[in-house]
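Chemist: just a sequence and a predicted model for now, questions to come.
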Amino acid sequence: MAEVVIVPDAAAAGSVVADAIVALIERRPDAVLGLATGSTPLTTYRALETRIHAESIDVSRVRGFALDEYVGLPVDHPESYHSVIHREVVEPLGLDPARINVPNGDPSGILTSGDEYEAAILAAGGVDLQILGIGTTGHIGFNEPGSSLASTTRWKTLTEQTRRDNARFFDSIDQVPTHCITQGLGTIMRARHLVLLAFGEGKAAALADALEGPVSASHPGSAVQLHPHVTVVVDEAAASKLGNAEYYRHAWALRPVGVPL
C-alpha cells in the first residue's frame, strides 16, 4: 500500500517532498531525480530551492530526467518542457544543465527518441526519486487511459481533455500540441521511489481510482499500486474521495520519528 500523506495545502506538501529530496541528495550527491512539469510540483521546487540556498546544499552532481515533452514545439518555445524544466527547476535550484535530460520532441526523431531516452535512463543507473502528478483523465506522465502497464518511453496522442487542461499554459487550445513523447508506465515503475502529488477537488476522482480502485490500463495512475515504495502527498480536497482517508491520517500521525519517506 502507498503511504498517503494528507496535508492542509500545496505549500505544506512541497515542504514534505523537499525534505525527502534533500535527504536523498545528502545520502547520494549524484542522485537521479525524475522531474514532472505542470503546476502541481511547483511548490516542491520552490521549497527545495529555499532549502538548497539556505543550507548551501551542493547539487552540482544531481542528475535529472523529465517525464515527457511535447512533439513539435521548438525547444526554445516557452511551453516546451525543455524551457519549463530550465525555468522552473534548473535555474532556481542551481542544477547543472548538462546533467538534466528532456525527451527529444522533434517530429523527425519520433520513432527513435523513446528508445534513446530509455537508454539514457539506464546508463544513469535509473531514477532514484520520481515526482509525479496525476491528470483528470488519470494519466501519469502523458500515459493516457489505455496505456500499457508495461509501456516504455514512446510517442502518444494526447486526449482532448488533457489538451483542454493544458490550454491554460497557451493562448488557446489550438496551440496545444496533439502529441508527446512520454516515459511509459513501465519506465516510471522502474524508479526506486515514486512521489505522487495531487491538489484540488478536480483531482479527487482520479486519485481515488489510482489508489483504491482496481489496477487497470483504463486508470493509468493505478499502476502505482504495484510499486514497492510510493509516497502520495495530497491536500484535503484531493483526498475527499478516498475511502481510507482516516487510516492514512492515523498512519501518518503514528509514523516513527526519523523514518524517511
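Modeler: Good, I have the coordinates. Numbers count the residues shown, from 1 in each chain.
Chemist: ok, then the element right after the helix or strand bottoming out on mean pLDDT in the chain?
Modeler: Within the chain, no helix or strand scores below helix 160-166, which has a mean of 93 by mean pLDDT, DSSP states H and E. Remark: after helix 160-166, the chain's next helix or strand is strand 179-182, criterion DSSP states H and E.
Chemist: that next one: which residues count as buried?
Modeler: His179, Cys180, Ile181, Thr182 (16 or more other C-beta atoms under 10 Å). Quick note: C-beta positions are derived from backbone N, CA and C, even for glycine.
Chemist: looking at those, spot the one nearest Val22.
Modeler: Checking the buried residues of strand 179-182 against Val22 by C-beta to C-beta gives Thr182 as the nearest, at 27.6 Å.
Chemist: run through the strands of the stretch 151-261 of the chain in chain order.
Modeler: All strands of the stretch 151-261 of the chain, identified by DSSP state E, counting those that start in this stretch, fall at 154-157, 179-182, 193-198, 230-235.
Chemist: give me the sheet partners of the third one and which way each runs.
Modeler: Each strand paired with strand 193-198, and its direction, by DSSP bridges: strand 129-132 (parallel), strand 230-235 (parallel).
Chemist: what bits of the protein have low per-residue confidence?
Modeler: Within the chain, not a single segment meets pLDDT under 70.
Chemist: just send the buried residues of strand 179-182 back as TSV, with distance to His193 too.
Modeler: Formatted as TSV, the buried residues of strand 179-182 follow (distance: C-beta to C-beta, whole Å):
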residue	distance to His193
His179	29
Cys180	24
Ile181	23
Thr182	20
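Chemist: ok so, going back, can you name every helix or strand that the least confident helix or strand of the chain contacts?
Modeler: Contact analysis of helix 160-166 by 3 or more C-beta pairs under 8 Å, 6 or more residues apart in numbering; DSSP states H and E lists no helix or strand as a packing neighbour.
Chemist: and that helix, how far out from the chain's middle?
Modeler: Mean-position distance between helix 160-166 and its chain equals 17 Å (C-alpha atoms, centre = their mean, to the nearest Å).
Chemist: okay, buried residues for it please.
Modeler: Applying 16+ other C-beta under 10 Å to helix 160-166 flags Thr162, Arg163, Asp165, Asn166 as buried.
Chemist: what two of these are the furthest from one another?
Modeler: Arg163 and Asp165 (7.3 Å).
Chemist: stretch 75-88: end-to-end distance?
Modeler: 15 Å (C-alpha to C-alpha, to the nearest Å).
Chemist: buried set for it?
Modeler: Applying 16+ other C-beta under 10 Å to stretch 75-88 flags His77, Glu79, Ser80, Tyr81, His82, Ser83, Val84, Ile85, His86, Glu88 as buried.
Chemist: I would like the residues contacting it, please.
Modeler: 35, 37, 42, 45, 64, 66, 68-70, 73-74, 97, 100, 102-103, 105, 169-170 (C-beta atoms under 8 Å, 6 or more residues apart in numbering).
Chemist: mark which of those residues are part of strands, please.
Modeler: Leu35, Gly64, Ala66, Asp68, Glu69, Tyr70, Ile100 (DSSP state E).
Chemist: quick one: which of these is most hemmed in?
Modeler: Within these, neighbour counts (other C-beta atoms under 10 Å) peak at Glu69, which reaches 27 neighbours.
Chemist: can you show me the CA trace of stretch 215-232 as CSV?
Modeler: The C-alpha trace of stretch 215-232 is given here as CSV (Å, rounded to 0.1, in the frame of the first residue of the first chain):
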residue,chain,number,x,y,z
VAL,A,215,-5.3,-1.8,-11.3
SER,A,216,-6.2,-1.1,-14.9
ALA,A,217,-4.8,0.4,-18.0
SER,A,218,-8.1,2.4,-18.1
HIS,A,219,-6.8,4.2,-15.0
PRO,A,220,-3.0,4.6,-15.7
GLY,A,221,-2.3,6.1,-12.2
SER,A,222,-3.4,2.8,-10.7
ALA,A,223,-0.1,1.3,-11.8
VAL,A,224,1.5,2.8,-8.6
GLN,A,225,-0.3,0.2,-6.6
LEU,A,226,2.2,-2.3,-8.0
HIS,A,227,5.3,-0.3,-6.8
PRO,A,228,7.0,-1.2,-3.5
HIS,A,229,7.8,2.4,-2.5
VAL,A,230,5.2,5.0,-3.2
THR,A,231,4.6,8.2,-1.2
VAL,A,232,1.4,10.1,-2.1
